[in-house]
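Peer 1: Quick one: sequence and predicted model below, then my questions.
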Amino acid sequence: MELKRVSDVVWEVPRTGGMRVPGRIFASDELMEVVLEDRSVEQVANVAHLPGIVEASMAMPDIHWGYGFPIGGVAAMRVSDGVVSPGGVGFDICCGVRLIASSFTEADFEARRDTVMGELDRRIPRGPGKGAIAPGSIVEEVLADGAAAAVRHGYGWPDDLDRCEERGTSKGAKPEEISDKALTRGRDQLGSLGAGNHFLEIQVVDEIVDPGAAEAFGLAEGMVVVMIHCGSRGLGHQTCTDHVRLMGDAMRRHGITVPDRQLACVPIGSDEGASYLGAMAAASNFAWANRHILAHETRQAFATAFGVSDTETGMRLVFDVAHNLAKIETHMIDGASTEVCVHRKGATRAFGPGHPDLPEDLQEWGQPVLVPGSMGTASWVLRGMEGNPAFGSAAHGAGRLMSRKKASRQAPGREVRAELEEAGISVRPLSVGLLSEEAPYAYKDVDVVADVCERANLAARVARVRPLGVVKG
Amino acid sequence: MTYRILSHTADSGIEATAPTLPDLIAVLARGMFDLMAPVEPGEGAEQVEIEVTSGSVEDLVVDVLSDLLFESESTDLLFGDFVVAMTGATGARVAARGVPISKTGMTGPPIKAVTYHDLAVEERDDGWYGRVIFDV
């Protein structure tokens, strides 16, 4: 597939065939070499076929091959005549990352390392199937109100909501659009991590690049922080499955054809579109609450391990942001303010300074953007920049470099664990064998991804954090 | 009846061949659960049954595998033994036998869902061919 260099870190996939707009990939030469090894460029072109898409089918620097949309894909469709596609959100609806500050230093953690890890190991449900911190009886309330419902039931602090995207509650949720099957899966999983690339990581801030923004975000060099990556669990997976299934027939009725069935879509204004958006918002409320409940339990673990109250842990929320979501937003398109449905599939919202959706104390700096790396390297806190060229979006992680199969052939999980422990990173996996698939070498260099984000004006570097301990499914 | 694991950057998939469509569904189901943890046929003591009617054979494969994932998660069972009977051109009844996840553990990441990406279910001269990509 033809690629045209536009600038140092921007590439264009020219329009061909049924593409309604060109493709645009934000990547350096080094990252592009890897991109060309799989089918992600083809997926960028496929997304460009969707009705109502504006400007370009975009991909972030951590782009890699997904299903339907590429991972790292961003596409905005006009609300007036465009479509919504569950494939542009993914099965793990509202999967995202939250970062929690603390009053502890690395030395504090070292003194209680085993106790902290033991408490987390004991308290954090993870792995497949059932296992939850919160009772299933509050799931319906959570579907309607998200993290706010979790706070009402004693999980987390009310102030935390100020630092959540959407304040932790997606507008327009329609719990009645969530199927009984999805509810069955969700009732036993509220407050659980899951498995795969999801994690809870204890980290230390080891480099500050932007002191002003870091201070505004509540970060300081040497501070212990906690990063949590997870989503809407089986409830979200089932909701996406249910709606993609329904959209096959609906597409035929609306006369829509797509180059990949996983790009199934319907007009945003149609009954099927409204049904999906309502269900997606309800499932995202489950995800906001899920991370809120896990953060609450993490605070309790630290409080117990250090023998202090939870308020004395200083574990305030830095930010919680999704990277699998479709949202109705207003952006300037061809000089006109236009309502669009922005799909971010493995891409983080990254609003710049002055955006009205940001809390007042972050207006000067822009939104915190969380970019986890691998469990053996580092992660980045970025901030949204003015003039972001991708509808206010940035990368969501380092991006996979190696397939799971290939990664698992490099070394057994016990060796990966031993190497991490040797490097001072405690690991509490549910399955030691699965560590090999998530080994550091399976991912691209997160420092390069963060650097390209900044060079492409997507998000600017604020602080680098490195892992001290990892809890995984 | 054989299946092969396909390489995919972030997710995983399998392709399989079988003499008949019900055999293909059974081997694809076997392959999907093997990706998470192999359960020997005959090992499972607990059984579930599902019945699915879909609009096409492609949809039937996705719907059966999706429903088996639902049954697995809601019962905490991993399945390894499948008996598939067609109830029409695009309908099937599946009996799956499995063991509790707590007994097997996991050798691969849990599969979140069955996708339509690169999906293929075709009758060929020598039998049936299927290819399915999973979100993990």
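Peer 2: Thanks, I have the structure now. Here the structure is a predicted model, which is why all the values come from computation and not from measurement.
Peer 1: wait, A:Gly131 sits on A:Gly194?
Peer 2: No - counting by Cβ atoms under 8 Å, A:Gly131 does not reach A:Gly194; the two are 9.6 Å apart. To be clear about C-beta, it is placed using only N, CA and C from the backbone, and glycine gets the same treatment.
Peer 1: So between those two, which is more surrounded?
Peer 2: A:Gly194 (28 against 19; other Cβ atoms under 10 Å in any protein chain shown).
Peer 1: my guess is that one meets A:Cys230, correct?
Peer 2: Yes - with contact defined as Cβ under 8 Å, A:Gly194 counts as touching A:Cys230 (5.4 Å).
Peer 1: ok, how many other residues are close to the closest residue to A:Pro51 other than its chain neighbours?
Peer 2: Residue nearest to A:Pro51 in three dimensions, not counting chain neighbours: A:Val83, with 5.0 Å by Cβ to Cβ, 6 or more residues apart in numbering or on different chains. Other residues lying near A:Val83 total 28 when counted by other Cβ under 10 Å.
Peer 1: need the contact list for residue 47.
Peer 2: You didn't pick a chain, so chain A it is. A:23, A:53, A:57, A:68-70, A:73, A:75, A:88, A:263 (Cβ atoms under 8 Å, 6 or more residues apart in numbering or on different chains).
Peer 1: wait, I meant chain B there
Peer 2: B:95-98.
Peer 1: Tell me the most packed of the residues you listed, by neighbour count.
Peer 2: Going by other Cβ under 10 Å, B:Ala96 tops the contacts of B:Gln47 with 28 neighbours.
Peer 1: Which residue ranges of the stretch 1-150 of chain A form helices?
Peer 2: A:29-35, A:40-47, A:106-123, A:139-145, A:147-152 (DSSP state H, counting those that start in this stretch).
Peer 1: So for chain B, the centremost residue is which one?
Peer 2: B:Ala29 (1.7 Å; Cα atoms, centre = their mean).
Peer 1: ok, back up a step: go through the helices of the stretch 1-150 of chain A and pick out the most buried.
Peer 2: Most buried of the helices of the stretch 1-150 of chain A, by mean neighbour count (mean count of other Cβ atoms under 10 Å in any protein chain shown): helix A:40-47, with a mean of 25.
Peer 1: Would you mind finding the longest helix in the chain?
Peer 2: Defaulting to chain A. helix A:271-306 (DSSP state H).
Peer 1: nope, chain B please
Peer 2: helix B:57-75.
Peer 1: Tell me the helix or strand right after that one.
Peer 2: Per DSSP states H and E, the first helix or strand lying C-terminal to helix B:57-75 is strand B:77-88.
Peer 1: That next one near chain A at all?
Peer 2: No - Strand B:77-88 does not reach chain A (Cβ under 8 Å from any Cβ of the partner chain); its nearest approach is 8.8 Å.
Peer 1: Residues in contact with the helix or strand that that strand is followed by: which ones?
Peer 2: Of the helices and strands lying after strand B:77-88 in sequence (DSSP H and E), the nearest is strand B:91-100. With Cβ under 8 Å, 6+ apart as the test, strand B:91-100 has contacts from B:22, B:25, B:29, B:33, B:39, B:42-54, B:60, B:64, B:68, B:71-72, B:75-87.
Peer 1: Quick one: buried ones out of the residues you listed?
Peer 2: Buried members of those, scored by 16 or more other Cβ atoms under 10 Å in any protein chain shown, are B:22, B:25, B:29, B:33, B:39, B:44, B:48, B:50, B:52, B:54, B:60, B:64, B:68, B:71-72, B:75-82, B:84.
Peer 1: Contact partners for the closest residue to chain B within the stretch 151-300 of chain A?
Peer 2: At 3.6 Å from chain B, A:Arg261 is the closest residue in the stretch 151-300 of chain A, using Cβ to the nearest Cβ. Counting by Cβ under 8 Å, 6+ apart, A:Arg261 makes contact with A:248, B:116-117, B:119.
Peer 1: between the longest helix of chain B and strand B:77-88, what angle do the directions make?
Peer 2: Taking axes from the mean of the first three to the mean of the last three Cα atoms, to 10 degrees, helix B:57-75 and strand B:77-88 form an angle of 150 degrees between their directions.
Peer 1: between helix B:57-75 and strand B:91-100, how many degrees?
Peer 2: Going by the same axes, to 10 degrees, helix B:57-75 makes 30 degrees with strand B:91-100.
Peer 1: Distance from helix B:57-75 to the middle of the chain?
Peer 2: Computed by Cα atoms, centre = their mean, to the nearest Å, the separation of helix B:57-75 from the middle of its chain amounts to 7 Å.
Peer 1: related to what we said a few turns ago, can you tell me which of the contacts of B:Gln47 is closest to chain A?
Peer 2: Among these, and counting by Cβ to the nearest Cβ, the member closest to chain A is B:Gly98, at 12.1 Å.
Peer 1: Beta-bridge partners for that closest one, please?
Peer 2: B:Glu46, B:Phe79 (DSSP bridges).
Peer 1: May I ask which helix or strand of the chain has the lowest mean pLDDT?
Peer 2: Unless you meant another one, I'm taking chain A. helix A:404-410 (a mean of 86; mean pLDDT, DSSP states H and E).
Peer 1: other chain: chain B
Peer 2: Going by mean pLDDT, DSSP H and E, chain B bottoms out at helix B:101-104, a mean of 84.
Peer 1: which parts of stretch A:249-260 are buried?
Peer 2: A:250-251, A:254, A:256, A:258-260.
Peer 1: Where does the prediction get shaky in the stretch 101-250 of chain A?
Peer 2: Nowhere does the stretch 101-250 of chain A drop to pLDDT under 70.
Peer 1: Just give me the neighbour total for the closest residue to chain B within it.
Peer 2: Closest approach between the stretch 101-250 of chain A and chain B, counting by Cβ to the nearest Cβ: A:Pro128, at 3.8 Å. When neighbours are counted by other Cβ under 10 Å, A:Pro128 registers 27.
Peer 1: Surely it and B:Pro110 touch.
Peer 2: Yes - between A:Pro128 and B:Pro110 there is a contact at 3.8 Å, judged by Cβ under 8 Å.
Peer 1: Of all the residues in the host helix or strand of A:Gly234, which ones are buried?
Peer 2: In this structure, A:Gly234 is located in helix A:233-254 according to DSSP H and E. Buried residues in helix A:233-254, counted by 16+ other Cβ under 10 Å: A:233-248, A:250-251, A:254.
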